[in-house]
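Chemist: I would like the atomic coordinates for the input below:
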Amino acid sequence: MPMISLRADFARPGEAPMAVAELRRMLRVLVVDQSPEDAREVRDLFSGEADCRLTLARDADDARGQLLDGNFDAALIEAGLWSDEQTDLVRYLREQRPDVAVVLLTNGENDRETLPSLKLGAHDFVSKRNLDREQLLARILGAVEETRTLRRRDTMVRWLEREARTDHLTGLYNRRAFDDRLREVCAQARAKRELVTVIMVDVTGTRTVNEAHGYDAGDSMIRRTAGGIARCVRSFDFAARIGGDDFGIIVTDCDLDLGRRIARRIAHELERLNAYEWAGDIPVAVSFGVASGRGCDASDLFAACDAQLSHNKASRPVISEFRWRDESDGPSVA
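Modeler: Numbering: from 1, shown residues only. Sure thing, here's the model as predicted:
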């Protein structure tokens, strides 16, 4: 069989693209067709080709079982099985196996009827009436290339989004992510009349440490504080570094008393770390502000918590005295 001139660019940055012949040595294709004769015809096109492995599935249930048990680069699917977004096979491939390229096998009567199926996530289609090995292989390779290119792009987009929301010094979320999350949870809680609690933590003395010992020492205090906070919050709480030496924690469906207990847990953990694991380092001292609100705006809740933090910073740090203050309207603070 002559070498196909089509090339597939699956290379990593800085690497040369693979030739189709190199890709074919690892090409695994699932053929899903309710007609045994049509499925065998596709299989026979590639008989004797050790570098292209085809597996046959007689229906959608059989296809899901094959996909669950094996790794495939592409799926050749009878167009009638890919007609609606609620179809089990369509949903399964889109949600569970987006890495598998989909090429539809049509009857060739009206190609326009295939367009809605392509919008459901299929990459290409080929007519059963004029099956040609070279053309079919080119369509499969093109769909696989497109799928992998889209997967790399999606991975890069997710990485960039995560980078944009991450504080690189501590690994926690950053202020932008904190503000977005607080607005989101306050809007949801307002609709359901649920409580939202914000805890703010201020690391005391970082400016003095920076001046006396250098910025590396100050950064170490901030990183260690972030580690102590991460040990004390629950997996579904939202912790972020919201300023140079300030941290914010968003706790949903949480009243003021629970917010106070979480703050005390953080304070006690930092004291323990100062005495043991961080015994040779500059000790960390912190102050807290806690505010809770039901149906309040994110800006009001944050302002109440920030005001309480400023009040507590005037007293001695490490474990601030939490004082209840009756609030007839707006967030409650401690």
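Chemist: Stretch 164-181: which residues count as buried?
Modeler: R165, T166, D167, T170, L172, Y173, N174, A177, F178, D179, R181 (16 or more other C-beta atoms under 10 Å). C-betas here are computed from N, CA, C, even on glycine.
Chemist: same thing with stretch 232-243?
Modeler: Buried-residue list, stretch 232-243, by 16+ other C-beta under 10 Å: C232, V233, D237, F238, A239, A240, R241, I242.
Chemist: Dump those residues to a markdown table, plus secondary structure.
Modeler: Putting the buried residues of stretch 232-243 into a markdown table (DSSP: H, G, I helix; E, B strand; the rest coil) gives the following:
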| residue | secondary structure |
| --- | --- |
| C232 | helix |
| V233 | coil |
| D237 | coil |
| F238 | strand |
| A239 | strand |
| A240 | strand |
| R241 | strand |
| I242 | coil |
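Chemist: now, the most widely separated pair of those?
Modeler: C232 and I242 (17.0 Å; C-beta to C-beta).
Chemist: any idea where the strands of the stretch 101-250 of the chain begin and end?
Modeler: 101-106, 124-127, 195-203, 238-241, 246-252 (DSSP state E, counting those that start in this stretch).
Chemist: Where among those strands is average confidence lowest?
Modeler: Mean pLDDT values for the strands of the stretch 101-250 of the chain show the minimum at strand 124-127, a mean of 88.
Chemist: Give the other helices and strands that it contacts.
Modeler: strand 101-106, helix 115-119, helix 133-164 (3 or more C-beta pairs under 8 Å, 6 or more residues apart in numbering; DSSP states H and E).
Chemist: ok, now with 7 Å
Modeler: Counting contacts by 3 or more C-beta pairs under 7 Å, 6 or more residues apart in numbering; DSSP states H and E, strand 124-127 packs against strand 101-106, helix 133-164.
Chemist: Render the CA-only coordinates of that strand in CSV, please.
Modeler: Only the C-alpha atoms of strand 124-127 are listed here, as CSV (Å, rounded to 0.1, in the frame of the first residue of the first chain):
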residue,chain,number,x,y,z
ASP,A,124,-16.4,13.9,10.4
PHE,A,125,-18.5,11.5,8.4
VAL,A,126,-18.0,9.1,5.6
SER,A,127,-20.5,7.3,3.3
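Chemist: The stretch 151-300 of the chain: helices as residue ranges?
Modeler: 175-192, 206-213, 215-232, 256-275, 298-313 (DSSP state H, counting those that start in this stretch).
Chemist: Next, the angle from the shortest one to strand 246-252.
Modeler: It refers to helix 206-213. 140 degrees (axes from the mean of the first three to the mean of the last three C-alpha atoms, to 10 degrees).
Chemist: ditto for the first one
Modeler: Here the directions of helix 175-192 and strand 246-252 differ by 30 degrees (the same axes, to 10 degrees).
Chemist: chain center to helix 175-192: distance?
Modeler: How far helix 175-192 lies from its chain's middle: 18 Å, per C-alpha atoms, centre = their mean, to the nearest Å.
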